[in-house]
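> What follows is a predicted protein model with its sequence.
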2 protein chains.
Amino acid sequence: MRIVIPLFPGFTALDVVGPYEVLRMLPGVEVVFAATAPGPVRDGAGFAALTAGAAFADVESADVLLVPGGPGARRGVADEDLVGWIRRVHASTTWTTSVCTGALLLGAAGLLAGLTATTHWGAAELLESYGAVYTERRVVTEGKIVTAAGVSAGIDMALTLAAAIAGPTAAQAFQLAVEYDPRPPFDAGSYAKAPQEAKDYLAARR
Amino acid sequence: MRIVIPLFPGFTALDVVGPYEVLRMLPGVEVVFAATAPGPVRDGAGFAALTAGAAFADVESADVLLVPGGPGARRGVADEDLVGWIRRVHASTTWTTSVCTGALLLGAAGLLAGLTATTHWGAAELLESYGAVYTERRVVTEGKIVTAAGVSAGIDMALTLAAAIAGPTAAQAFQLAVEYDPRPPFDAGSYAKAPQEAKDYLAARR
């Protein structure tokens, strides 16, 4: 069970590490972080760097491909090296997945045309520009393609995927292992529910 | 606003990155990852490495100290270099926080004696050996010390802390930015709620 996660400059760290922390518990798993070249790759916020162990050129297949989002994903749609690599690896996968704006990279690779998919709420229109039908659902499975909504939704996606791969008992064991019994102190996690002041606060920072 | 996160071999990646992805949005923030020496530090699962930008010796203060857990935290309680560093930095902080078994490191540093605190459900007894009173609550604030339960609870802790630092509107904006509207496919995230088969599955892997 080989899980491959591409790292590109400007990825969102939680898009990667949320699902990683669940899926790395799958039996017999190997997780490979791939990038243009092996070594540290900096995230979108600029403070964190995750290490790639392999170059894209050396990774041509995966059981699970997990594509994260982030500002680098929005830029990455124009990077034919990255997009072409995703398209090639996808041909080999059992599951091709994205978190947040990682869905834009799947879209740019031509993998979402005509499919229902999700992404970060702020990228819905852009996702549809690739021929996908955006839905606000948190996790969407279409054949072997599983897309997750923004950032933290990758954890829910990973549990859904773990159940599909290893069964519901395993998925529940992983949920217990990471004590995922969420208790957010506010109910502002979706665009529909967030108060206008929170939206204004975000908009003022852009 | 300087947030300092120690990285030690065998940390749990999501303990770090969950709260990081929220707190790095605080206004005027700088996030410093510190380790024995600068460079990549491998996580407990062995697949992921985060890069430390500073050595412990060069970091003597923080506004927020965030101590992750993981198998390396359980080992780290015997590492006086790490524990002593936590104790010294704590003297300078506005907030000292832990995620998961990071609380054991706060305990070993003598910071939890007589306090109510939380940790991963599997480390409750060990936490009490440091004189803390374990509670199953997901986030516990005692003065300037904030402890979170296992792994994913760091996200809830970070939102609570963000509200204390920057106000509820900012915290709700961060929650919306990471689309934290959790929808786990199962309700197995706490020891009380997880089915026995999931507990047996975990126990069989240990």
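Everything's here; your move. Keep in mind that what you see is a predicted model, and the values were worked out from it rather than measured.
> Mind listing what's buried along the host helix or strand of A:V83?
Using DSSP states H and E, A:V83 sits in helix A:80-90. For helix A:80-90, the neighbour count (16 or more other C-beta atoms under 10 Å in any protein chain shown) marks A:82-83, A:85-87, A:89-90 as buried. All C-beta spots, glycine's among them, are computed from the backbone N, C-alpha and C.
> Now tabulate those residues in JSON lines and tack on pLDDT.
Formatted as JSON lines, these follow (pLDDT from 0 to 100):
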{"residue": "A:L82", "pLDDT": "98"}
{"residue": "A:V83", "pLDDT": "98"}
{"residue": "A:W85", "pLDDT": "98"}
{"residue": "A:I86", "pLDDT": "98"}
{"residue": "A:R87", "pLDDT": "98"}
{"residue": "A:V89", "pLDDT": "98"}
{"residue": "A:H90", "pLDDT": "98"}
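> Nearest to chain B among these?
Proximity to chain B was ranked across the buried residues of helix A:80-90 by C-beta to the nearest C-beta; first place goes to A:V89, at 17.6 Å.
> Surely the closest one touches A:L65?
Yes: using C-beta atoms under 8 Å, A:V89 makes contact with A:L65 at a distance of 5.2 Å.
> between the two, what contacts are shared?
A:V4 (C-beta atoms under 8 Å, 6 or more residues apart in numbering or on different chains).
> Is there contact, residue-wise, from the helix ranked longest in chain A to chain B?
Assignment by DSSP state H gives helix A:153-166 as the longest helix of chain A. Yes: with C-beta under 8 Å from any C-beta of the partner chain as the criterion, chain B is reached by helix A:153-166 at A:153, A:155-156, A:159-160, A:163.
> Return the residues in contact with the residue nearest the centre of chain A.
Geometric centre of chain A, nearest residue: A:V99, 2.2 Å, by C-alpha atoms, centre = their mean. Listed by C-beta under 8 Å, 6+ apart, the contact set of A:V99 reads A:12, A:15-16, A:18-19, A:66-69, A:148, A:151, A:153-154, A:157.
> try 10 Å
A:5, A:11-12, A:14-16, A:18-19, A:66-70, A:73, A:118-120, A:139, A:146-158 (C-beta atoms under 10 Å, 6 or more residues apart in numbering or on different chains).
> List only buried entries from those residues.
Counted by 16+ other C-beta under 10 Å, the contacts of A:V99 give A:5, A:11-12, A:14-16, A:18-19, A:66-70, A:73, A:118-120, A:139, A:146-158 as buried.
> Among those residues, which ones are in strands?
Among the buried ones among the contacts of A:V99, DSSP state E puts A:5, A:66-67, A:139, A:146-148 in strands.
> Closest to chain B out of those?
For those, the nearest to chain B is A:V139 (7.4 Å; C-beta to the nearest C-beta).
> Run through the helices of chain A in chain order.
Under DSSP H, chain A gives helices at A:13-23, A:71-76, A:80-90, A:102-108, A:124-128, A:153-166, A:168-177, A:196-205.
> now, the most widely separated pair of the ones in strands among the buried ones among the contacts of A:V99?
A:I5 and A:V139 (17.5 Å; C-beta to C-beta).
> Run through the residues that contact A:G46.
A:G46 touches A:9-10, B:24, B:30-31, counting by C-beta under 10 Å, 6+ apart.
> Derive a PyMOL selection command for the buried subset of those.
Under the burial definition 16+ other C-beta under 10 Å, those of those that qualify are selected in PyMOL by:
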select buried, (chain A and resi 9+10) or (chain B and resi 24+31)
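> Turn the contacts of A:G46 into JSON lines, including distance to A:E125 and pLDDT.
Putting these into JSON lines (distance: C-beta to C-beta, whole Å; pLDDT from 0 to 100) gives the following:
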{"residue": "A:P9", "distance to A:E125": "24", "pLDDT": "98"}
{"residue": "A:G10", "distance to A:E125": "20", "pLDDT": "98"}
{"residue": "B:R24", "distance to A:E125": "26", "pLDDT": "98"}
{"residue": "B:E30", "distance to A:E125": "34", "pLDDT": "98"}
{"residue": "B:V31", "distance to A:E125": "31", "pLDDT": "98"}
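> can you list the contacts of A:G46 in TSV and add distance to B:P38?
Shown next, in TSV, are these (distance: C-beta to C-beta, whole Å):
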residue	distance to B:P38
A:P9	20
A:G10	22
B:R24	19
B:E30	16
B:V31	15
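> Strands - which of the contacts of A:G46 land there?
B:30-31.
> follow-up on the earlier one: outside of the helix holding A:V83 itself, list whatever touches it.
Outside helix A:80-90, the residues that reach it (C-beta under 10 Å, 6+ apart) are A:4, A:6, A:8, A:34-36, A:56-57, A:59-62, A:65, A:67, A:72-73, A:75-77, A:79, A:96, A:98, A:102, A:104-111, A:144-145.
> which of these are buried?
A:4, A:6, A:8, A:34-36, A:56, A:59, A:62, A:65, A:67, A:72-73, A:76-77, A:79, A:96, A:98, A:102, A:104-109, A:111, A:145.
> so who does A:I3 touch?
A:19-20, A:23-24, A:26, A:29-33, A:62-66, A:93, A:95, A:97, A:158, A:161, B:47.
> repeat for A:L104
Counting by C-beta under 10 Å, 6+ apart, A:L104 has contacts A:67, A:69, A:73-77, A:83, A:98, A:112, A:117, A:119-120, A:123, A:126-127, A:129-130, A:132.
> same check, this time on A:A198
A:186, A:188, A:191, B:168-177.
> picking up where we left off before, any chance of the ones in strands among the buried ones among the contacts of A:V99 in TSV with pLDDT and distance to A:A198 as columns?
Formatted as TSV, these follow (pLDDT from 0 to 100; distance: C-beta to C-beta, whole Å):
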residue	pLDDT	distance to A:A198
A:I5	98	30
A:L66	98	29
A:V67	98	28
A:V139	98	23
A:V146	98	28
A:T147	98	24
A:A148	98	21
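> rewinding a little: output the residues of helix A:153-166 next to chain B as TSV; include the columns pLDDT.
Formatted as TSV, those follow (pLDDT from 0 to 100):
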residue	pLDDT
A:A153	98
A:I155	98
A:D156	98
A:L159	98
A:T160	98
A:A163	98
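> could I get these as a markdown table with distance to A:R42?
Output for the residues of helix A:153-166 next to chain B, formatted as a markdown table (distance: C-beta to C-beta, whole Å):
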| residue | distance to A:R42 |
| --- | --- |
| A:A153 | 23 |
| A:I155 | 23 |
| A:D156 | 26 |
| A:L159 | 28 |
| A:T160 | 29 |
| A:A163 | 33 |
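> Many thanks, I have nothing further to ask.
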